[in-house]
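Enquirer: How does the following fold in three dimensions:
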Amino acid sequence: MGVVSPIGNDLDTVWANLVNGRSGIGEITHFDTTPYEHKAGGEVHDFDVTQFFGFKDARRTETTVHFAVASARMAVADAGLEINDDNRYDVGVIYGSGGGGQALFISNQEVWHTRGARAVSPFFIANGLVDASSGTIAIETGARGHNFCPVSACSTGTTAIGEAAEAIRRGDCTAVIAGSAESPLLELVHIGFTNMRGLGTPLPGQPIETVCRPFDRTRDGFVLGEGGGALILEDLELARARGARIYAEVVGYGSAADGFDMIAPANGGEGSARAMKMALERWGVPADEIGMINPHGTSTPVGDKAESDAIWAAFGGHTPDILISATKSMTGHMMGAAGAFEGVATVLSVYHQTIPGTLNYREPDPECNINIATETVEKPLRYALSNNIGLGGHNAAVIFKRYTGD
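Expert: The predicted structure is shown next:
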């Protein structure tokens, strides 16, 4: 796996910050927030794209692609996967983004208006497309198998992981670089979410990192974050044969649409419940063996309640036994990258048999009657689920199983 995030740009740092409850949320520095009420963001720090990408190519591309290529290169290295002439056509890339290179479109429009049409970059169209990440990862790694860029808003990363598993099950590939990236901390995007009334505020008199309070009674909105995550999925027998380190197995995937509204979730989280049930039932995972859920948990009043209802609908009486670890409380909402980062976090929990606590959860909400992990705990985990919900009613869930070698 590989990761770029507000709480670290390598697996060891990310895991240490997750289990120690260190927030990556602070005041936005990417643009001047003086005119705006909301000033919090989950920014990536200490990231040097030239460690992963040529300087000239880095100048032509946008930050989303930088995060994508970096996470993919780290994942390939971590997997010890050599992509060469013998296997390159069997290694796929399923790597998505919610919005792609929005910054390139914004910046080139500004160039056009201030300097004229001839100053517009000839590279911005190709590199600003949403599929620029999946295409560039293939170019940079040499993976020439099945290549697909899922776009399902905030569930994009979860969709990518699930579709990668399906591609291997179908026989399209023997291995897939799966994940997603996003760089949404742009002034125009910030204004849009502000006017949508989606962004939250810190608790009165408390530090800025208290802005994201998933499932807490006082929650009032989410906070934008950025980053990328990648996971190498591989046919189990081939991974065993080459002696790969196996963090976990993918043993469930479900996807379902609300068909209800572009912003609000369906009543009772109906679509999300169907996605989780599908992940359980189609792949034969017992509901009563799920020990942890990394939820979408954005800290919005309506969204968190709908997801709580969905969990109850999917797991029924087993719901109180499931610990909920809402990692957005530390990273903010990484939008299209959320599912990939949270997939990595969930896998690390299964691998280390440890569940990180949820930050800023102080006042339980009776309408979100689920078992929030408020502190990091060690717990035997056979199965864990990562759940995401996207604008437009896109729902996806993926289940990971502890790998024991049996």
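Enquirer: mind listing what Arg282 touches?
Expert: Gly252, Tyr253, Gly254 (CB atoms under 8 Å, 6 or more residues apart in numbering). Every C-beta, even on glycine, is put in place using the N, C-alpha and C of the backbone.
Enquirer: for the residues you listed, which one is nearest Val285?
Expert: Nearest to Val285 among the contacts of Arg282 is Gly252, at 4.9 Å by CB to CB.
Enquirer: separation between the closest residue to that closest one other than its chain neighbours and Met276?
Expert: Closest residue to Gly252 in three dimensions, ignoring its sequence neighbours and counting by CB to CB, 6 or more residues apart in numbering: Ile399, at 3.1 Å. With distances taken as CB to CB, to the nearest Å, Ile399 is found 9 Å from Met276.
Enquirer: ok, now Phe123?
Expert: On the measure of CB to CB, Phe123 and Met276 end up 41 Å apart.
Enquirer: These two: who's more crowded?
Expert: A side-by-side neighbour count of Phe123 and Met276, using other CB atoms under 10 Å, places Met276 first with 29 against 14.
Enquirer: where do the strands sit along the stretch 51-200 of the chain?
Expert: Taking DSSP state E, counting those that start in this stretch as the criterion, the stretch 51-200 of the chain carries its strands at 91-96, 147-148, 175-182.
Enquirer: Kindly calculate the angle that the first one makes with strand 175-182.
Expert: With axes from the mean of the first three to the mean of the last three CA atoms, to 10 degrees as the criterion, the two stretches strand 91-96 and strand 175-182 enclose an angle of 20 degrees.
Enquirer: Let me see the mean pLDDT of strand 91-96.
Expert: Regarding strand 91-96, the rounded mean pLDDT is 98.
Enquirer: now that strand, how far from the chain's geometric center?
Expert: Shown here is strand 91-96, whose average C-alpha point lies 15 Å from the average C-alpha point of the whole chain (CA atoms, centre = their mean, to the nearest Å).
Enquirer: Neighbouring strands of that strand in the sheet, and parallel or not?
Expert: According to DSSP bridges, strand 91-96 forms sheet pairs with strand 147-148 (parallel), strand 175-182 (parallel).
Enquirer: From Leu236, how far out is the nearest residue to Arg242 once chain neighbours are set aside?
Expert: Here the nearest residue to Arg242 in space, its sequence neighbours aside, is Gly80; by CB to CB, 6+ apart that works out to 7.5 Å. Computed as CB to CB, the Gly80 to Leu236 distance reads 16 Å.
Enquirer: all helices of the chain, in order?
Expert: Along the chain, the stretches classed as helices by DSSP state H are 11-19, 55-60, 63-79, 102-115, 124-128, 132-141, 156-170, 187-195, 236-241, 270-282, 301-315, 328-331, 338-352.
Enquirer: contacting residues around Ile246?
Expert: Going by CB under 8 Å, 6+ apart, Ile246 touches Leu236, Ala239, Arg240, Tyr403.
Enquirer: Ok, Lys277 next?
Expert: Neighbour list for Lys277: Gly254, Ala313, Ala314 [criterion: CB under 8 Å, 6+ apart].
Enquirer: Surely the last one is in contact with Val285?
Expert: The one in question is Ala314. No. Counting by CB atoms under 8 Å, no contact exists between Ala314 and Val285, whose distance comes to 11.5 Å.
Enquirer: Between the two, point out the one with more neighbours.
Expert: A side-by-side neighbour count of Ala314 and Val285, using other CB under 10 Å, places Ala314 first with 28 against 18.
Enquirer: Excluding sequence neighbours, find me the nearest residue to the more buried one.
Expert: With CB to CB, 6+ apart as the criterion, Ala314 has its nearest non-adjacent residue at 4.0 Å, and that residue is Met276.
Enquirer: Take the contacts of Arg282 and lay them out in TSV including distance to Thr64, neighbour count and pLDDT.
Expert: Putting the contacts of Arg282 into TSV (distance: CB to CB, whole Å; neighbours: other CB atoms under 10 Å; pLDDT from 0 to 100) gives the following:
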residue	distance to Thr64	neighbour count	pLDDT
Gly252	28	24	97
Tyr253	24	23	98
Gly254	26	26	98
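Enquirer: between the residues you listed, which is closest to Leu199?
Expert: Within those, the smallest distance to Leu199 is 29.5 Å, found for Gly254 (CB to CB).
Enquirer: Glu37 versus that closest one, what's the distance?
Expert: Gly254 sits at a distance of 38 Å from Glu37 (criterion: CB to CB).
Enquirer: next one: Tyr253
Expert: Summarising the geometry, the distance separating Tyr253 from Glu37, computed by CB to CB, is 39 Å.
Enquirer: quick one: Met335 from Ile137, how far?
Expert: Relative to Ile137, Met335 is positioned 19 Å away (CB to CB).
Enquirer: And Asp235, by the same measure?
Expert: Per CB to CB, Asp235 is found 20 Å from Ile137.
Enquirer: More neighbours: these two, which one.
Expert: Ile137 (28 against 16).
Enquirer: Just the C-alpha atoms of the helix or strand bottoming out on mean pLDDT in the chain, please, in CSV.
Expert: Taking all helices and strands of the chain together, the one with the lowest average confidence (mean pLDDT, DSSP states H and E) is helix 55-60, at a mean of 86. Taking C-alpha atoms only, helix 55-60 is exported to CSV below (Å, rounded to 0.1, in the frame of the first residue of the first chain):
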residue,chain,number,x,y,z
PHE,A,55,10.3,17.7,-12.7
LYS,A,56,9.1,18.5,-16.3
ASP,A,57,6.1,16.1,-16.0
ALA,A,58,5.3,17.4,-12.6
ARG,A,59,5.0,21.0,-13.9
ARG,A,60,2.6,19.9,-16.6
